[in-house]
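Novice: Predicted model, plus sequence, below.
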Amino acid sequence: MLLHHAPVSQPQADAKMHRIGVGIDTSRYGHYAAFLRDDLQPAAGELQFVESAVGYAQLRSRLEQIVSKLGTVHFAVRLDVAGQYADNLLHFLHTLQRQLANATLVISCGDPQRNKNYRAALFGSQKSDPVEARAAARYALSERPAPVKMLSAQQRTLRHVASRLQAVVRQRTRLINQFHLLLTSTFPELALLANDIASGWVLTLCERYPTAKLLAAASAQDIGQIPYLPEKLIAPLLEHARTAIASLEGDTVAELVRDQVRQLRDVRARQLRLEKTLVDAYRQLPDANHLDSIPGIGDVTAAILTAFIRDIDRFQTPNQLVAYFGAMPIEESSGVDRDGKPRAAKRNIMSRRGNDLVRRYLWMAALSAVRYNPAVRALYARVVAKHPDQKAIAIGHGMRKLLHLVFAIWKTKKPFDKTHYPWDTPAHVAALDARDEQEAAATPEQEQAAGLTLTAEPAQKEVTAACESSLPHDAEPGQNAFVDFAHVKAQLPIARVLEHLNLTRKLQGAGAQKRSACPIHCPHSHGRTFSVNLDDNVFQCFSPRCQKKGDVIDLWAALHHQDLRQAVLDLVRTFALEPAPNK
């Protein structure tokens, strides 16, 4: 709701200009205002007014009385914002800026905690509406806080929808936790078989068979009719139901489970409706920020980021934006805690700071971006190659990279361009390419840097500051060159090769595991025998005619009918890879 900008110059006090501090303590049904002169003495009687047209008219009348008494007045208004209760008051004050004659208004807002600390420093333990208002008025006069910019009606609507969505998502999380607690007494083994107990097939299963006893009496054919239930889970479900350790059963317990299922379905439907409303509000913003053009960030995530960032000018660097949402991995070091007990071994975890709604949707966006966003995909591959056992931390780095892209896209007001930078090209290759371009554009006078001025050929050459053209260049590896297979594979994700071969669009499936027709033995078929894991960078064809499997080198060799050495040399040349570690 409130946008903070850099401080602007305020009118200086002189013989004709009187500065008046106006502190307003806001609440749900009404507000309390205090008026102080520049010497911190009362400029007028304090005013308590209700949240209505009559109350706002009283505030305007009090300000006009001060102007008529003092002449030209500069009002420094400070609001103690409690929730969304100041929306209407802010709108009224910004409108009043253009209507008061012989007066100027500079309006600032403070979060309740900051105002509370300032009030405690001045008035100690005293706490009441008049004390809060007087502290806000003194803050406006003494600290000269930066003014706030009023959000447009569309931006305010977007923020209200996002806040409502956040409340519904939190409610759904509470209902899932309650459902999990209920299942511990009715069918605890179900949580061992289902990764997500709020998924559709789990809810349908619990609606039809709410207790383990009812499920044990069902047949495999009946259970197999539940939509989207994996066939491989039918037998384990029946086995666990017949040997369940559940302590509750009966009609009353069954009704409790069914009621919890109904609540979960209802809150999920409300979440989907609010997501659609949020996207509609995002589309109605007067100025597009193009966040939805970033691969991986969908319409809903773009709308949520826009609602909670509010104004990108609040952040000077992308790292400030990352820190604001806490989307970064942190290290938990070993040592002892405050009780003197040893901590666990050093490990990396995701920061727990930031907005929970943004973190939830940004995590899902990062899961998509590691496959379809060239910038995030390259970063993810580097982190996984360095820490293969910490892929969740690599996703966290992907969240941070997405926020960097959000900062750049919003600041430049230009849609995402995947060709803006060679994301998938190793840094040393990009540096060589840039160096080659500089050399091609250099003039003969610029080719050699400052060195000795020679008038004759010396008996022994002396090298001083040499230009880059005099340094040895890495040549393209020949047939006899040394190639480190593991080093080449670490630089080249299999997703990049599939995209290069125009095979990505044929892959189907959710998550990292994808299926399609085998590009090796039936490239124009519509089968699903070819399976590739984009996280592990491996593939396999299950057709008896093919049965090819392996890593990215094996795939390239099979597609181009080459042996492994020819394939790895071809990959180095095609993708400009480093054939071996640079010693």
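Specialist: Done, it's in. Numbers count the residues shown, from 1 in each chain.
Novice: Spell out which helix or strand contains H240, please.
Specialist: Element membership for H240, per DSSP states H and E: helix 234-242.
Novice: Now the element after whichever strand or helix holds V370, going C-ward?
Specialist: V370 is located in helix 356-372, with elements delineated by DSSP H and E. Sequence order places helix 374-386 as the next helix or strand after helix 356-372, per DSSP H and E.
Novice: In that following helix, which residues are buried?
Specialist: 374-384 (16 or more other C-beta atoms under 10 Å). Every residue, glycine included, has its C-beta placed from N, CA and C.
Novice: What pLDDT is listed against K583?
Specialist: Per-residue pLDDT puts K583 at 52.
Novice: repeat for L471
Specialist: Reported pLDDT for L471: 31.
Novice: So Q540: helix, strand or coil?
Specialist: Following DSSP: H, G, I helix; E, B strand; the rest coil, the label given to Q540 is strand.
Novice: so who does the closest residue to it other than its chain neighbours touch?
Specialist: Leaving out its chain neighbours, the residue that sits closest to Q540 by C-beta to C-beta, 6 or more residues apart in numbering is K549, at 3.8 Å. By C-beta atoms under 8 Å, 6 or more residues apart in numbering, the contact set of K549 is 538-541.
Novice: 7 Å instead?
Specialist: When contacts are counted by C-beta atoms under 7 Å, 6 or more residues apart in numbering, K549 touches 539-541.
Novice: Tell me where the stretch 51-200 of the chain has helices.
Specialist: 53-70, 87-96, 112-123, 129-143, 153-186, 190-193, 200-208 (DSSP state H, counting those that start in this stretch).
Novice: cool, and the stretch 451-583 of the chain?
Specialist: Counting by DSSP H, counting those that start in this stretch, the helices of the stretch 451-583 of the chain are 485-491, 494-500, 552-560, 564-575.
Novice: which other residues reach stretch 209-217?
Specialist: Contacts for stretch 209-217 (C-beta under 7 Å, 6+ apart): 186-187, 218, 237-238, 241-242, 244, 246, 249, 253-254, 257-258.
Novice: Quick check, central residue of the protein?
Specialist: Centroid-nearest residue in the chain: L362, 3.5 Å away (criterion: C-alpha atoms, centre = their mean).
Novice: My guess is that one contacts A327. True?
Specialist: Yes. In this structure L362 lies within contact range of A327 using C-beta atoms under 7 Å: 5.9 Å.
Novice: Find the residues that touch each one of those two.
Specialist: Jointly contacting L362 and A327 under the rule C-beta under 7 Å, 6+ apart are M399.
Novice: Would you indicate which residues of the helix or strand where V261 lies are buried?
Specialist: V261 is part of helix 251-283 when elements are defined by DSSP H and E. Across helix 251-283, burial judged by 16+ other C-beta under 10 Å covers 253-254, 256-257, 260-261, 264, 267-268, 270, 274-275, 277-279, 281-282.
Novice: before we move on, the earlier item: so which of the helices of the stretch 51-200 of the chain gets nearest D389?
Specialist: helix 190-193 (23.5 Å; C-beta to C-beta).
Novice: Which positions within the closest one qualify as buried?
Specialist: L190.
Novice: got a list of contacts for that helix?
Specialist: Here helix 190-193 has contacts from 180, 183, 197, 233, 236-237, 240, using C-beta under 7 Å, 6+ apart.
Novice: could those residues be laid out in JSON lines, adding pLDDT?
Specialist: Compiled in JSON lines, the contacts of helix 190-193 are given as follows (pLDDT from 0 to 100):
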{"residue": "H180", "pLDDT": "93"}
{"residue": "L183", "pLDDT": "92"}
{"residue": "I197", "pLDDT": "89"}
{"residue": "L233", "pLDDT": "91"}
{"residue": "P236", "pLDDT": "91"}
{"residue": "L237", "pLDDT": "92"}
{"residue": "H240", "pLDDT": "91"}
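Novice: between those, which is closest to V81?
Specialist: H180 (37.1 Å).
Novice: Once you drop chain neighbours, what's closest to that closest one?
Specialist: That would be I197: by C-beta to C-beta, 6+ apart, it lies 6.0 Å from H180.
Novice: which ones are touching the one you found?
Specialist: Counting by C-beta under 7 Å, 6+ apart, I197 has contacts 176, 179-180, 183, 190-191.
Novice: what two of these are the furthest from one another?
Specialist: Among the contacts of I197, I176 and L190 lie farthest apart (C-beta to C-beta), at 13.3 Å.
Novice: L141 and E239, how far apart?
Specialist: 75 Å (C-beta to C-beta, to the nearest Å).
Novice: Please report how far the spatially closest residue to L264 that is not a sequence neighbour lies from L256.
Specialist: Distance criterion C-beta to C-beta, 6+ apart; nearest residue to L264, sequence neighbours excluded, is L175 at 5.3 Å. Look at L175 and L256: by C-beta to C-beta, they are 13 Å apart.
Novice: what do you get for D551?
Specialist: D551 is 51 Å from L256, by C-beta to C-beta.
Novice: now L100
Specialist: Distance from L100 to L256, by C-beta to C-beta: 61 Å.
Novice: cool, and K116?
Specialist: For K116, the distance to L256 - C-beta to C-beta - is 43 Å.
Novice: A517 too?
Specialist: 48 Å.
Novice: Where does the prediction get shaky in the stretch 451-583 of the chain?
Specialist: 451-480, 524-525, 582-583 (pLDDT under 70).
Novice: Oh, that last question was meant for the chain, not what I typed.
Specialist: Using pLDDT under 70, the chain drops low at 1-16, 82-84, 111-112, 328-352, 423-480, 524-525, 582-583.
Novice: wait, doesn't the residue nearest to L264 sit right on R262?
Specialist: No. Using C-beta under 7 Å, L175 is not in contact with R262, being 10.3 Å away.
Novice: circling back to that earlier point, most neighbours of all the contacts of K549, which one?
Specialist: F539 (25 neighbours; other C-beta atoms under 10 Å).
Novice: Is that one bridged to anything, and to what?
Specialist: V532, G550 (DSSP bridges).
Novice: Contact partners for it?
Specialist: 494, 530-532, 549-550, 555.
Novice: Report the buried members of the residues you listed.
Specialist: 494, 530-532, 555.
Novice: Using CSV, lay out the residues you listed together with distance to T95.
Specialist: As requested, the buried ones among the contacts of F539 are exported to CSV (distance: C-beta to C-beta, whole Å):
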residue, distance to T95
I494, 59
F530, 64
S531, 63
V532, 60
L555, 65
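Novice: Out of those residues, the closest to C109 would be?
Specialist: For the buried ones among the contacts of F539, the nearest to C109 is I494 (51.5 Å; C-beta to C-beta).
Novice: if I read this right, the closest one contacts V552, doesn't it?
Specialist: Yes. I494 lies in contact with V552 (C-beta under 7 Å); the separation is 4.6 Å.
Novice: Touching both of the two, which residues are there?
Specialist: N537.
Novice: For H31, identify the helix or strand it belongs to.
Specialist: Using DSSP H and E, H31 falls in strand 30-36.
Novice: what lines up beside the helix or strand just after that strand in the sheet?
Specialist: Toward the C-terminal end, the helix or strand that comes next after strand 30-36 (DSSP H and E) is strand 47-50. Sheet pairing of strand 47-50 (DSSP bridges) gives strand 30-36 (antiparallel).
Novice: Residues touching the partner strand, excluding its own?
Specialist: So strand 30-36 is contacted by 20-25, 42-44, 46-51, 55, 59, 66, 89, 129-130, 133-134, 137-138, 141 (C-beta under 7 Å, 6+ apart).
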